[in-house]
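Student: Show me the folded form of this:
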Amino acid sequence: QVQLVESGGGSVQPGESLRLSCVVSGRDFSPAVMGWFRQAPGKEREFVAAIRRASGTSVADSVRGRFAISRDNAKNTVYLQMNSLKAEDTALYYCAVGSSRPIISAMGLARSYDYWGQGTQVTVSS
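Tutor: Next comes the predicted model:
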């Protein structure tokens with residue numbers, strides 16, 4: 001059974017930074033793609049960023065230049081470094097992983113992911 005545990009969320013002021021982590025556990029499971037999605041109250045879930053095991057990343061326009069995704073394959077962990085946070089970044093952030101390698105254009109689609117975490121809350125407020 002594959003489990004995802006996110007951490008690193010919290011409450012910060014605009015302009016500050018946070019780093020989210022997601023540890024994936026599961027017997028002999030090495031995700032082909034790892035990503036982050038978020039959902040704000042009253043809004044639909046949206047793609048944030050994703051990274052494939054060997055190469056290839058995708059980042060949403062709304063966070064490009066401020067957020068960066070990385071992964072440590074040896075630790076089965078994906079990170080989301082969030083800088084220059086804004087109030088509109090407030091949301092529940094979900095980690096997701098997929099067993100199949102998607103093409104770049106599909107990395108932002110929820111159907112590319114097989115397993116999801118419970119989410120970690122990020123609140124940006126002055």
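Student: which SS class is R101?
Tutor: coil (DSSP: H, G, I helix; E, B strand; the rest coil).
Student: again, but for S30
Tutor: Once three-state DSSP is applied, S30 turns out coil.
Student: Same question for L92.
Tutor: L92 is classified as strand under three-state DSSP.
Student: wait, what's in contact with the nearest residue to it once chain neighbours are set aside?
Tutor: Distances taken as CB to CB, 6 or more residues apart in numbering put G119 closest to L92, at 4.3 Å, once the chain neighbours are dropped. Where you see a C-beta, it was placed from the backbone N, CA and C, and this is true even at glycine. Neighbouring residues of G119 by CB atoms under 8 Å, 6 or more residues apart in numbering: 6, 39, 92-94.
Student: Next: V122.
Tutor: Counting by CB under 8 Å, 6+ apart, the residues that V122 touches are 9-10, 12, 18, 20, 38, 82, 85, 89-93.
Student: Any of those residues buried? List them.
Tutor: Neighbour-count burial (16 or more other CB atoms under 10 Å) applied to those gives 9, 12, 18, 20, 38, 82, 85, 89-93.
Student: Grab the most central residue of the protein for me.
Tutor: The chain has W36 as the residue nearest its centroid, 1.9 Å off, counting by CA atoms, centre = their mean.
Student: hang on, the earlier thing: looking at the buried ones among the contacts of V122, spot the one nearest S30.
Tutor: L20 (20.3 Å; CB to CB).
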